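Visitor: quick one, structure for this:
(2 chains)
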Amino acid sequence: MPRRILVLFAHPMLERSRVNRRMVEGLGTLDGVTVNDLYERYPTMVIDVEREKQLLVEHDVIVLQHPFYWYSAPAIVKEWLDLVLELGWAYGPGGTALRGKLMMNAITTGGANDAYHRDGYNRFTMRELLTPFDQTAHLCGMKYLAPFVIHGALRLGDGDDLRGHVAAYRTLLADLRDDRVDLDQAAAAATQGGAA
Amino acid sequence: MTDTVLFQAFVYLCAAVVCVPIAKKLGLGAVLGYLVAGVLVGPNVIGLVGHEGHHVMHFAEFGVVLMLFIVGLELQPSLLWKLRRSIVGLGGLQVALTAVLVAGVALALGVHWKPAFAIGMIMAMSSTAIVLSTLAERSLLKTGGGQAAFSVLLFQDIAVIPILAIFPLLGVAQVATESGRPAWQTGLLVIGAVAGVVAAGRFVVRPAFQFLASVKLRESFIAAALLLVVGIALLMQQVGLSPALGTFVAGVVLAESEYRHELESDIEPFKGLLLGLFFISVGAQIDFPLIGREPGTIIGLVLGTMVLKLVVLVALARMFDLDRPARWLLGFSLSQIGEFAFVLISFGISSKIFGEEVAAPLVAAVAISMLLTPLMFIVLERWVLPWATIDTGDARPQDQIDHAETPVVIAGYGRFGQVVGRLLRSIGIECTVLDLDPAMVDVIGRLGFKVYYGDASRVELLHAAGCQRAKLFILAVDDAAQSTAIAKSVREHFPTLPIMARARDRIHYFELLSHGVAAAHRETFAAAYEMAIEALRSLGYRAHTAHRLARRWRAHEERELAEVAQMWARKEERSTIFARTKQAFQEAERLMREEDPQVFVEHDGAWDNDALRSARRPDDEAPQSRDESS
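Guide: I've put the predicted structure just below:
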């Protein structure tokens, strides 16, 4: 049975986005993938927790897709985590609702790949910077997979490069859906999928 | 000439107008003012009123009846139930203990046991009229001690009925009850009458008031309110009950009706005047020649009784766990002998329990003890309470039961007020609602809301709705002129109560602010604003973007509005204000569209900016993010 994938998508200014918009548009026709556009659904940041919990229950893979703002996600993702991952539901005593699911980030960054390195000016690797997400998944009993990353999104042209990234993202999600990904390898990798 | 009604009225009103303000200014309280006025115009000093004092007193006793009706109106059955322990326990013990102790003293002085017990019961009564009006005047009614005093008084009022039944048994000659009915018939009649009052309050009075309210004739409403009280008083007299008790029951029945506040404020002035008259006639009745003849007896009687009552009350209050200030408040306030004593004394004479020679000093003692009560309060407040509160650290007795008073009062419960009221109520914040539309009051009332009929610009109604203790006044009436009038009235009489108001339009908004309204909201603004956001969304704007743009516009709009409101408050020319408004509208458009381009080309700058700064090249394909270095 194919996995069902929930993309929690957060971009506060999608009008200004090219890469993220194209990534989402690229997923449009993919079976088994639900895109949950958080800023469109909750413009005032008041989140319908019950609806979000229901969506989580109905899916096997949680993809947080967002631009990499200040080494993290846009504000609504934090609000979403704070409210939806309830004690006794997602973690803690009796908190088993998410156990066994997969979680990953799909990120676009401003900086280039080599900036996210001990010797780069961002001083940390993507995996290091994403440890809060990694641990969040771990605490909820989910397997955290290496992020899908498109570096230098602001410098990316509209040409083949971008088309390649968008296709890679779509392929990765299709592979996750159909169980064509070695999960242990994906969990251990630095990043996955994209032409980083 | 001195016998005409007009002359009598003139004398009484004169006395009241002269003495009461002076007494108030001297900090002695209105009740003492009335009593002194009575002494002055009475037969012993100026002698303007003489023997007709008795009739006046009869008439004035109706003030006590009205007062108990109002007391009943302020008492929901639920509160009465809450007070049951102090009514039955504290009240019952006070009456029993005082009666027994006074009787004991009388027995020791050689009085026969029958009159001794009658005197005991007479002396146990305290003055509902003086105590309740004094407590209310000093805002002590809702403190712990005030509540206890009220409970005891209520029990005494009820106890009058069995006492009146016992008196004939103590008499030398059996006196037939007025009608000659056997006791069981009287009992049935009493129960029937009370049940009738309760049923009528529920099923007849409410529809009747609803009809009268819909006619919108204030006089007929007031007349009906008085008719109700007079009718009940008459009925109660017929069946041998105290009229005060009957109207009290009627008041309690109507306490939960939506016309409560309107009734209260209609009856209030009559009550005030008649009570004043009552106190004056008490003052006029004091028989000074008798005191001159037997000063020792009278003084002994007054002081002995008051000290004994005070000791009993303080001891009982201690037993009932009242705090120290409340104990002393209870003792000092109820130590006098009350107006029911007059009734009981005359009944005692007619029952042949004792003769005039016993009754005369008793009447004098009762009147003097009532005259002393305001002084007792002064002693209490100046010396006793400060001393009693030192140890406990309390500045004053704590408020205990907050009656039906709610933190929020809403005036106008139409389309606007309802939204505010329902939302607050859903969170558990109770609101007192005032509305002028009887149909609306009825509908909302049936939905289980606490709604009252009445014109919120009237000060008495604002008082009755509990504005003196409310935390917030929400002004949601739709008529702009009326709204402004209410705002003025609330500001003037309750200067510390914050007002939030519904504004009809900009002009009304400015007017409200200039009258000290804390916050005003234009009534259609929020809906229009929401619709503008919807419009942006349907034109293809992202939801979050539409909200952000709308908020930004709104912030500018509100800044401008505040500025113009200040111009309005400074009473600048209308043309200047209009020009400023027009200019502000244009400014808003320019700011949103031209001068501040990042409004529309929104700055998306939470990215890895170092990378942007160092790596970015002039590149037509690159998005136009605001570059902080440029």
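Visitor: ok, B:L313 - contacts?
Guide: Counting by C-beta atoms under 8 Å, 6 or more residues apart in numbering or on different chains, B:L313 makes contact with B:Q94, B:V152, B:R327, B:L330, B:G331, B:L334, B:S335. C-beta coordinates here come from the backbone N, C-alpha and C atoms, glycine included.
Visitor: restrict those residues to those near chain A?
Guide: Among the contacts of B:L313, proximity to chain A is found for none (C-beta under 8 Å from any C-beta of the partner chain).
Visitor: just give me the closest of the residues you listed to chain A.
Guide: The nearest member of those to chain A, counting by C-beta to the nearest C-beta, is B:R327 at 49.7 Å.
Visitor: residue boundaries of the helices in chain A?
Guide: For chain A, applying DSSP state H gives helices covering A:19-27, A:38-41, A:49-58, A:75-84, A:126-129, A:131-139, A:160-177, A:183-188.
Visitor: save those as JSON lines, and put in mean pLDDT and mean neighbour count too.
Guide: What follows is the helices of chain A, written out as JSON lines (pLDDT from 0 to 100; neighbours: other C-beta atoms under 10 Å in any protein chain shown):
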{"stretch": "helix A:19-27", "mean pLDDT": "92", "mean neighbour count": "19"}
{"stretch": "helix A:38-41", "mean pLDDT": "94", "mean neighbour count": "20"}
{"stretch": "helix A:49-58", "mean pLDDT": "96", "mean neighbour count": "14"}
{"stretch": "helix A:75-84", "mean pLDDT": "96", "mean neighbour count": "17"}
{"stretch": "helix A:126-129", "mean pLDDT": "95", "mean neighbour count": "18"}
{"stretch": "helix A:131-139", "mean pLDDT": "97", "mean neighbour count": "16"}
{"stretch": "helix A:160-177", "mean pLDDT": "92", "mean neighbour count": "18"}
{"stretch": "helix A:183-188", "mean pLDDT": "94", "mean neighbour count": "14"}
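Visitor: out of those, the one nearest B:R425 is which?
Guide: Nearest of the helices of chain A to B:R425, taken as C-beta to C-beta: helix A:49-58 at 23.9 Å.
Visitor: could you list every helix and strand in contact with the closest one?
Guide: strand A:5-9, strand A:33-37, helix A:75-84 (3 or more C-beta pairs under 8 Å, 6 or more residues apart in numbering or on different chains; DSSP states H and E).
Visitor: need those in JSON lines with distance to B:W553, can you?
Guide: JSON lines is the format used below for the helices and strands packed on helix A:49-58 (distance: least, C-beta to C-beta, whole Å):
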{"stretch": "strand A:5-9", "distance to B:W553": "27"}
{"stretch": "strand A:33-37", "distance to B:W553": "24"}
{"stretch": "helix A:75-84", "distance to B:W553": "21"}
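Visitor: phi and psi next, for the residue of the stretch 101-250 of chain B found nearest chain A.
Guide: Proximity of the stretch 101-250 of chain B to chain A (C-beta to the nearest C-beta) peaks at B:K142, 40.5 Å away. Here is the backbone geometry of B:K142 (degrees, to the nearest 10): phi -100, psi 10.
Visitor: could you do B:F473 as well?
Guide: B:F473 has phi and psi values of phi -110, psi 120 when expressed as degrees, to the nearest 10.
Visitor: so what's the residue count around it?
Guide: 25 (other C-beta atoms under 10 Å in any protein chain shown).
Visitor: find the nearest non-adjacent residue to it, please.
Guide: Leaving aside its sequence neighbours, B:F473 sits nearest to B:I499 (C-beta to C-beta, 6 or more residues apart in numbering or on different chains; 4.7 Å).
Visitor: for B:V408, see how far away the one you found is.
Guide: Using C-beta to C-beta, to the nearest Å, we find B:I499 at a distance of 11 Å from B:V408.
Visitor: which neighbours do these two have in common?
Guide: Both B:I499 and B:V408 are contacted by B:F473, B:I474, under the criterion C-beta under 8 Å, 6+ apart.
Visitor: how about the helices in the stretch 151-300 of chain B?
Guide: Remark: helices assigned in the stretch 151-300 of chain B by DSSP state H, counting those that start in this stretch are B:183-200, B:206-215, B:218-239, B:243-254, B:260-285, B:288-293, B:295-319.
Visitor: residue 68: neighbour count?
Guide: Defaulting to chain A. Around A:F68 there are 26 other residues, counting by other C-beta under 10 Å.
Visitor: should've been chain B
Guide: 29.
Visitor: backbone dihedrals for it, please?
Guide: Main-chain torsions, B:L68, degrees, to the nearest 10: phi -70, psi -30.
Visitor: B:A250 is in contact with that one, correct?
Guide: No - B:L68 lies out of contact with B:A250 (C-beta atoms under 8 Å); the separation is 9.4 Å.
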